[in-house]
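Visitor: got a sequence here, can you build the structure:
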Amino acid sequence: MYKRTTIAVAALLVAAACNQDPTGASANEVVLAQQAQSIADNVVASPNAGTHFEGWLRRLVEALRTTDDPEAQACLAEARDLRQQAGAAFRAGDRELARQLLHESFLKVLCAVVEVFPNSPERTGQAVDQAIERIENFLGDREAPRIRAILAHVQELRAQANEALAGGDKVGALALNLRSIQILHRLVVHVRDRHGDHDEVADTEMNEVGI
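Guide: A predicted model of the protein is given here:
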């Protein structure tokens, strides 16, 4: 009986191993992603860096509602108009145009953010760099291919943000840094669900912010 039970258990284990997706994230890597995501959130929640995207930007938006800066107000007025156009496009069934208009509206909100908080691109960039460094130190030599691939992509976004900032495009730099923060904030989902386009997922989530 014991021998038959052992053989049966072994057969089940072999079958389970054969049915696993070899390209999928291991349970261990998902756990590592949870810890890495917490590290990122803790970094950008520091007093010098604000909070992760969903809290940081929403508090800025609340601050923008009472701003008397004329350029910021103009940016926000354009953002609201674009969002209304996006709603009309969505109702008309043109989802691609609606998505494009929502993104343009989001960039106009960032235009107002940069006007009122001119150092926001630099601060968000520093937060991302610090988060990456801490996550890499945490991982050490552990096997985490999906996490490392995502970190490499975020580093590419940071390089693009620095280029944009050097070229005087503060809004573009801030958008890239916020995309990086949002990807790190949703690291578990990206690792677990094997998203092919991390940027698209992050942008879709960010474009929901309006004023």
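Visitor: in what helix or strand does the residue nearest in space to the middle of the chain lie?
Guide: Per Cα atoms, centre = their mean, the C-alpha nearest to the average position across the chain is that of Gln182, at 1.9 Å. According to DSSP states H and E, Gln182 maps onto helix 170-185.
Visitor: now for the one helix or strand Ala33 maps to, which elements pack on it?
Guide: Taking DSSP H and E as the definition, Ala33 sits inside helix 27-44. Contact partners of helix 27-44 among helices and strands, from 3 or more Cβ pairs under 8 Å, 6 or more residues apart in numbering; DSSP states H and E: helix 120-139, helix 145-166, helix 170-185, helix 187-193. Where C-beta positions appear, they are placed from N, C-alpha and C, glycine not excepted.
Visitor: single out the most deeply packed of the ones you listed.
Guide: Mean neighbour count (mean count of other Cβ atoms under 10 Å) peaks for helix 170-185 among the helices and strands packed on helix 27-44, with a mean of 25.
Visitor: now it: mean pLDDT?
Guide: Per-region confidence: helix 170-185 scores 94 on mean pLDDT.
Visitor: my read is that Ala79 contacts Lys108, right?
Guide: Yes: counting by Cβ atoms under 8 Å, Ala79 touches Lys108, with 3.7 Å between them.
Visitor: okay, the two: which has more neighbours?
Guide: Between Ala79 and Lys108, counted using other Cβ atoms under 10 Å, the more crowded position is Ala79 (25 against 22).
Visitor: how about the helix or strand where that one lies: buried residues?
Guide: Ala79 is part of helix 70-91 when elements are defined by DSSP H and E. Residues Ala72, Cys75, Leu76, Glu78, Ala79, Leu82, Arg83, Gln85, Ala86, Ala89 are the ones in helix 70-91 that count as buried (16 or more other Cβ atoms under 10 Å).
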